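*Asks:* Need the 3D shape of this:
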Amino acid sequence: MYPERTKGCEPARLQLLLIGHREEDYFIIQDLLRANGDLIAADLDQAQTFAEAHTKLAEKSYDLVLFEYESSEREALEIVQQLRLREKTVPFLFLTEHADEATLAEAIEGGACEYVSRTELSHASLVRTIRNAVSLHQIDRRRRIAEEKLRKLYSAVEQSADMVLITDSLGAIEYVNPAFEKLTGYSRAEVLGQPPRILKSGEQGPEVYRTLWETIQAGEVYRGVLVNRKKTGESFIAEKTITPVRDTAGRITHFISNDRDISERRRLEAALFQAQKMDAIGQLAGGVAHDFNNLLMVISSYAELMQDSIGPEHRLHRNLQEIIGASRRAADLTRQLLAFGRKQMQSLQVLDLNAALDGIVKLLPRLIGEDIVLTVSPARDLGKVKLDPVQLEQVVMNLAVNARDAMPGGGKLTITTRNAELGDNDINHHMVVPKGEYVLLEVTDNGKGIAKQHLPHIFEPFYTTKESGKGTGLGLATVYGIVKQSGGFIWVNSEIDIGTTFKIYFPRIRHVPLPSVNTDPLGDPELHGSETLLLVEDEAAVRHPASEFLKKCGYTVIEAGDGLHAIEAAGKFPGRIDLMITDVVMPGMGGGQLAELLKDSRPETKVIFVSGYAETIVQNHQIIETRTNFLQKPFTLACLGRKIREILSKAGVAAVGGAC
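*Replies:* Okay, the predicted model is just below:
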């Protein structure tokens, strides 16, 4: 190992520094070094003062420093100590006149790694002493480097944000870091000697732990995700890596487990997945609703025509009433699907939530029953929100029905409103709700609660825990859709046998818009008229009963199966066309483009748009004003008749309400 050699296989020359004013020592040591030949190759410098020594040590790296030292020369010890503090990794050799035990002890304590007496100085003793000093220093420099590495490693593990746990080969815990204590709630003293199974949550089967143990016992690294349990009983999700540790003989002596708490990440991933799933289902619901709406239009329209043809005394009159009633209930389901998918047409208004709720809660006692105590706690100075009042009623009614069903033996239903301002801390709790100013609608019951396994699915359409025939599974799906379509967020917390709380955060509106157009329905106008109507509908099964009904009401009806035929029919008709009823989405030419073209040749013709499609598709045709000239399929023929009279008598003044 010593001396080291250069690339040319020549011994590396040691650089030595003698500190002392005795020139004879310098020449003696130099002669002794030269006399040794190949035993040791060294160059010797001298610094006669400590100041000169400081300069030389700063300018050049030395392999060994020799001190002329007597017990009275305290400055020699001081310079050694100073160099040590400056982390100068160089060995020090003391030359003494009398190497008694006291002098030796003082030299060693002062930092010397070796000493030699002048009286015993010879070429053999000098070479031996220099070699020993340099070798010992190299060894010492390596237990120090190793110690520093161990110190850094220990510090890194102690300060790691991840949980670190070390066990022996049998699985008994020998070490845990502070992150383990902080996350699990167990102190180091509580877990030392214990097996890691104290963290078992019971949410993994025995086969998971069997695979884990077999993997690490085979000397392989185990990677996996486990649900563990804290001292408080709360669960957390850990991304785990367990590494076997071997000794020099290759035997496994320990296992190191490095765990990262990914509970928050998993919650966010679950929330994102749920939102994406709901969006996908919503898209599907919107598409299904369009086709379903047209079918319902055919059923209800022909049933209405048949009902007009027979009197109440006819034996089939009751059957027709059942058909019409069933089609209306089916239409309600379709509206709920559209609401869930955030595709329902909205009539947004700036609302005082308290005032809007005041009218709604008056209807609730009859809905929930006398055995449920209803308490309403409206906050003062509540901020404004932008909502569709009809949709708000749907939200409250559905939540109330849900609460009623959760309290079959009676209970308490509480509706609360208040202003809410969510900051960073609240965001961590509510995950997907961005910080900002909200108006909170809170609906709480003390019913039987919702089981943990059902909570992720309660907003999915047709998902219900109720008995067959006692629920469609669309109530909460409708609530979810309306809340999201209105730009809000819904949060649920539930515990078995304690109750359920729904928190709905609607964005708070700061400005007050211009007064909206009056949307109160007209009185009960007559359905008959004598004007000329252009009816454009690509579904013949929908168009024919509507045409028959309108002709019975006294109108002149021009039929067209699409936009191109409508332009052709209007061009051939010599008289005035008072109003066009057109589907929005048709092959070839849609209702919006048709209305634009017709406006040039017949500016007097008013327009009613109808559609069973989603809101986003309808609103792409910007000439449509959903509050005045639009009907959402399915609608009754009577509703169509009232809408026509409304448009012809007061164009765009009020929108149709009621059962349309």
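
*Asks:* Contact partners for the closest residue to Ile458 other than its chain neighbours?
*Replies:* For Ile458, ignoring the flanking residues on the chain, the nearest one in space by C-beta to C-beta, 6 or more residues apart in numbering is Leu476 at 5.2 Å. C-beta here means a position set from N, CA and C on the backbone, and glycine is covered the same way. Residues in contact with Leu476 (C-beta atoms under 8 Å, 6 or more residues apart in numbering) are 398, 402, 458-459.

*Asks:* Are any of the residues you listed buried, and if so which?
*Replies:* Buried residues within the contacts of Leu476, counting neighbours by 16 or more other C-beta atoms under 10 Å: 398, 402, 458-459.

*Asks:* mind listing which of the residues you listed are in strands?
*Replies:* Among the buried ones among the contacts of Leu476, no member falls in strands (DSSP state E).

*Asks:* between those, which is nearest Glu269?
*Replies:* Phe459 (17.4 Å; C-beta to C-beta).

*Asks:* Which strand or helix spans the residue lying closest to Gly224 once chain neighbours are set aside?
*Replies:* Spatial nearest neighbour of Gly224, excluding adjacent residues (C-beta to C-beta, 6+ apart): Lys240 at 5.6 Å. Counting by DSSP states H and E, the element that carries Lys240 is strand 235-246.

*Asks:* next structured bit after that strand?
*Replies:* Following strand 235-246 in sequence, per DSSP H and E, is strand 252-261.

*Asks:* For that following strand, which strands pair with it and how are they oriented?
*Replies:* If you go by DSSP bridges, strand 252-261 pairs up with strand 163-168 (antiparallel), strand 235-246 (antiparallel).

*Asks:* all helices for the stretch 501-650 of the chain, in order.
*Replies:* Assigned by DSSP state H, counting those that start in this stretch, the stretch 501-650 of the chain shows helices spanning 540-552, 563-572, 591-601, 615-619, 637-649.

*Asks:* export these to TSV and tack on distance to Arg260?
*Replies:* Listed next are the helices of the stretch 501-650 of the chain as TSV, based on distance: least, C-beta to C-beta, whole Å:
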stretch	distance to Arg260
helix 540-552	59
helix 563-572	60
helix 591-601	54
helix 615-619	41
helix 637-649	60
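
*Asks:* just checking, what's the longest helix in the protein?
*Replies:* The residue-count maximum for a helix in the chain (DSSP state H) belongs to helix 263-309.

*Asks:* list the helices and strands it packs on?
*Replies:* Applying 3 or more C-beta pairs under 8 Å, 6 or more residues apart in numbering; DSSP states H and E, we find helix 263-309 packed against strand 235-246, helix 317-340, helix 475-485, helix 540-552, helix 637-649.

*Asks:* Assign a three-state SS to the closest residue to Pro507 other than its chain neighbours, would you?
*Replies:* Take Pro507 and drop its neighbours on the chain: the residue closest to it by C-beta to C-beta, 6+ apart is Gly487, 5.3 Å away. Counting by DSSP: H, G, I helix; E, B strand; the rest coil, the backbone at Gly487 sits in coil.

*Asks:* Report the contact partners of Gly487.
*Replies:* Counting by C-beta under 8 Å, 6+ apart, Gly487 touches 386, 506-507.

*Asks:* and the residue nearest to Gly224, what are its bridge partners?
*Replies:* Lys240 forms beta bridges with Gly224, Asp259, as assigned by DSSP bridges.

*Asks:* helix or strand for Glu174, which one?
*Replies:* Using DSSP H and E, Glu174 sits within strand 173-176.

*Asks:* Mind listing what's buried along the helix or strand just after that strand?
*Replies:* Scanning forward in sequence from strand 173-176 by DSSP H and E, the next helix or strand is helix 178-184. Buried residues in helix 178-184, defined by neighbour count with 16+ other C-beta under 10 Å: 179-181, 183-184.

*Asks:* Report the contact partners of Thr167.
*Replies:* By C-beta under 8 Å, 6+ apart, Thr167 lies in contact with 173-174, 195-196, 254-255, 257.

*Asks:* So among the residues you listed, which ones count as buried?
*Replies:* 173, 196, 255, 257.

*Asks:* returning to what we had before: what comes into contact with the strand holding Lys240?
*Replies:* Against strand 235-246 from outside (C-beta under 8 Å, 6+ apart): 163, 183, 201, 203, 212, 215-217, 219-230, 252-263, 266.

*Asks:* Put the alpha carbons of stretch 241-253 into PDB.
*Replies:* Only the C-alpha atoms of stretch 241-253 are listed here, as PDB (Å, rounded to 0.1, in the frame of the first residue of the first chain):
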ATOM      1  CA  THR A 241     -40.400  -0.300  -0.700                       C
ATOM      2  CA  ILE A 242     -38.700  -3.000   1.500                       C
ATOM      3  CA  THR A 243     -35.000  -3.800   0.800                       C
ATOM      4  CA  PRO A 244     -33.100  -6.700   2.400                       C
ATOM      5  CA  VAL A 245     -29.700  -5.900   3.900                       C
ATOM      6  CA  ARG A 246     -26.900  -8.500   3.700                       C
ATOM      7  CA  ASP A 247     -23.700  -8.900   5.700                       C
ATOM      8  CA  THR A 248     -20.300  -9.600   4.100                       C
ATOM      9  CA  ALA A 249     -21.100 -13.300   4.000                       C
ATOM     10  CA  GLY A 250     -24.300 -12.600   2.000                       C
ATOM     11  CA  ARG A 251     -26.700 -13.500   4.800                       C
ATOM     12  CA  ILE A 252     -29.800 -11.300   5.300                       C
ATOM     13  CA  THR A 253     -29.500  -9.500   8.600                       C
END
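
*Asks:* so where's the stretch 51-200 of the chain uncertain?
*Replies:* Applying pLDDT under 70 to the stretch 51-200 of the chain flags residues 69-89, 97-125, 136-142, 144-145.

*Asks:* Please identify which helix or strand holds Trp491.
*Replies:* Trp491 is part of strand 489-495, with elements assigned from DSSP H and E.

*Asks:* partner strands of that strand, parallel or antiparallel?
*Replies:* Looking at strand 489-495 with DSSP bridges, its partner strands are strand 499-507 (antiparallel).

*Asks:* Tell me if I am right that Lys386 is in a strand.
*Replies:* Yes. Counting by three-state DSSP, Lys386 falls inside a strand.
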